[in-house]
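Q: from the sequence below, what's the structure:
(2 chains)
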2 protein chains.
Amino acid sequence: MAIEEKSGKHGFAKYLLLEEIYNKYSSVFDSSVGDNLLTNTLYLEGIHFNLVYFPLKHLGYKSVISSIADVYCSGTNPVNISVSLGISAKLSKGDIETLIEGISLACEHYSLKIFSFDISSSLTGLSISVATLGSVAGNKVKNKPAETDLICVTGDLGAAYLGLQLLERERKIFEDTGVSPKLEGFEYVIRRQLKPELKLNVLNKIKENNIDPGKMRIVRDGLASEIMHISKEAELGCRIYHDRLPVDHETAEAGRELMFEPVIAALNGGDDFEFIFTCPVKEHEKIRQIEGVSIIGHLVPKEEGNSLVLHDGSLAELKAQGWSDE
Amino acid sequence: MAIEEKSGKHGFAKYLLLEEIYNKYSSVFDSSVGDNLLTNTLYLEGIHFNLVYFPLKHLGYKSVISSIADVYCSGTNPVNISVSLGISAKLSKGDIETLIEGISLACEHYSLKIFSFDISSSLTGLSISVATLGSVAGNKVKNKPAETDLICVTGDLGAAYLGLQLLERERKIFEDTGVSPKLEGFEYVIRRQLKPELKLNVLNKIKENNIDPGKMRIVRDGLASEIMHISKEAELGCRIYHDRLPVDHETAEAGRELMFEPVIAALNGGDDFEFIFTCPVKEHEKIRQIEGVSIIGHLVPKEEGNSLVLHDGSLAELKAQGWSDE
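A: Numbers count the residues shown, from 1 in each chain, chains lettered A, B, ... in the order given. Predicted structure coming up:
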């Protein structure tokens, strides 16, 4: 599983393991959103980032984005973060400060305060843990998706994954031959990997239009994984239309350069940090007019499964990557 | 710094670096306790634990204790935790479940719910991040310590550190010679390392007696570091009495076995997870009668510095370990 190894993500099958855990220890799990919501993300060197090409300032910024993203999906606003760093010996005090500068910039941009902050040594590379406390805003999401609901996504997909592949390719060339990285013309996909932003303006437009989205998730481990999670939770299936998947022309260009099908990057890549959500079909006209939202498919009865509708109208089963216990 | 290397902690000098960071980025830091409080701890293999002798169930338990401990110090109660694991390839699905069993046991014991839970791969050993959301209870701590305040500590000190040294010694003997670990007679100090508990019963007695503690901290990086943090924040100094430091007889026994002065373990070791707090001198009689609390010294004017009063009445300057940028 090349995608899995490179992105270090486990996609949908990971959720099956998590589900087993939830079921076994259900007495101590409680994710019901009261007035507050708590998330926690862990960024590990060699899995989520490579310091060869990931500037520390961007890394600090992205680690905050990754932690706060899920909070918005529950209709809450992030308020505070708490940061814990494991610092390896190769990083200097100046490096730590650069990392924190990125964290601080994200706090300013997303109106967050750092509640607590700690540092410890690490023998095993840089580790960044960011916890987020979210506070419930007016628009608490509570709709259960219906079997006729539309499936929508903000922005475009696959760019961050192809940006990562380009950075990895250039890193290998540089390490093997000393030739400097050539990244001209691919600024967009690289920016999507190194400095993702959340489409809060689109979320605000959805709210202004009084559209009540059903289930919302952040596209973190690839679209397929997120959609299958939504349809499983709703006990439904889905149809996603191949030609409706939003792919930027620079993403398509990067795909040609890398001989990698951009739609595969959109479906199974990662780190898009776009919002995917369901929406009642009656809102079709309203949602269609919001810039930055694509209607990519709809839910269907469970028996119909999860499919990708290809150009010729034929169906391909949606698959996600596996979690291996071996 | 043998203690620092082994415990992976940085003690007081780390706080000087953190303080620099707080000052530089003060606009995004805000630790004022409103209705909620957020903490986040990161446990890293090779730094905070060695899987050779740390059972996964105990490790899960301890990682929760470590995250919730600080919450109690602010007079709040932990409510939810959020767990994020980085799992290396050497751990099986069964291992992950054992770890979670320990987390789950701690949740039951301390009345917590797991709000969210995530797993990712790790190339660099097991990483455990636990974030805690605390909710303000009645007895919010707000007293500013006065220069005549007593300094008190719950339970006893130095045991966890000597337990760790024993485990490390037996690990090395086992790896070098294959001789099985001999740990009989040292159950107490080993338990203090592997399965710490928080003295909530003592906190409750303090509350029942209407004693309003001032600053409270958890003894995590050694007593000296925590005391110096308290006195610095209060812009005062302190006197700690050598012969008042609570050391269990089994800790003293382990010290003899290891030829390590138990008082040094109490001052500069780590992982005691006892509460240290200041308390107005007028509460002397009440506090003296609470079982499980030792009055170990008092605050003094800043000019008098931080000292340890030795048996003969002479003063030794309190020192804490250093954070090195090299």
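
Q: in three-state terms, label the closest residue to residue A:68 other than its chain neighbours for me.
A: The spatial neighbour of residue A:68 that comes closest, neighbours along the chain excluded (C-beta to C-beta, 6 or more residues apart in numbering or on different chains), is residue A:78 at 4.1 Å. C-beta here means a position set from N, CA and C on the backbone, and glycine is covered the same way. When classified by DSSP: H, G, I helix; E, B strand; the rest coil, residue A:78 comes out as strand.

Q: what about residue A:78, how many residues nearby?
A: A count of nearby residues for residue A:78, using other C-beta atoms under 10 Å in any protein chain shown, gives 24.

Q: cool, and residue A:312?
A: Using other C-beta under 10 Å, residue A:312 is surrounded by 6 other residues.

Q: surely residue A:276 is within a helix?
A: No. Residue A:276: not assigned to a helix; according to three-state DSSP it is strand.

Q: give me the number of residues near residue A:192?
A: Per other C-beta under 10 Å, the neighbour tally for residue A:192 reads 28.

Q: same thing with residue A:175?
A: If you count neighbours by other C-beta under 10 Å, residue A:175 ends up with 10.

Q: and the gap between it and residue A:50?
A: Counting by C-beta to C-beta, to the nearest Å, the gap from residue A:175 to residue A:50 is 11 Å.

Q: which bits of the stretch 101-250 of chain A sit near chain B?
A: Residues of the stretch 101-250 of chain A that fall close to chain B, judged by C-beta under 8 Å from any C-beta of the partner chain: A:101, A:103-104, A:107-108, A:112-125, A:127, A:129-131, A:133.

Q: now, of those residues, which are buried?
A: Among those, those classed as buried by 16 or more other C-beta atoms under 10 Å in any protein chain shown are A:101, A:103-104, A:107, A:112-122, A:124-125, A:127, A:129-131, A:133.

Q: among the residues you listed, which ones are in helices?
A: Members of these lying in helices (criterion: DSSP state H): A:101, A:103-104, A:107.

Q: so which of those residues is the closest to residue B:223?
A: Relative to residue B:223, the closest of those is residue A:103; by C-beta to C-beta it sits at 31.0 Å.

Q: show me the contacts for the closest one.
A: By C-beta atoms under 8 Å, 6 or more residues apart in numbering or on different chains, the contact list for residue A:103 reads A:60-61, A:63-64, A:81, A:83, A:114, A:130, B:28.

Q: equivalent analysis for residue A:181, please.
A: Shown in contact with residue A:181 (C-beta under 8 Å, 6+ apart): A:53, A:167, A:170-171, A:173-174.

Q: of the residues you listed - the most surrounded one?
A: Of all those, residue A:167 has the most neighbours under the rule other C-beta under 10 Å, reaching 21 neighbours.

Q: for that one, grab phi and psi.
A: Dihedral pair for residue A:167: phi -60, psi -40, per degrees, to the nearest 10.

Q: hang on, it packs against residue A:191?
A: No. Applying C-beta atoms under 8 Å as the test, residue A:167 and residue A:191 come out as separate, 11.3 Å apart.

Q: so which of the contacts of residue A:103 belong to strands?
A: Members of the contacts of residue A:103 lying in strands (criterion: DSSP state E): A:81, A:83, A:114, A:130.

Q: now, among those residues, which is nearest to chain B?
A: Set against chain B, the nearest of these by C-beta to the nearest C-beta is residue A:114 (5.0 Å).

Q: residues in contact with the closest residue to the closest one other than its chain neighbours?
A: Closest residue to residue A:114 apart from its sequence neighbours, by C-beta to C-beta, 6+ apart: residue B:29 at 5.0 Å. Residues counted as contacts of residue B:29 (C-beta under 8 Å, 6+ apart) are A:113-114, A:117, B:22.
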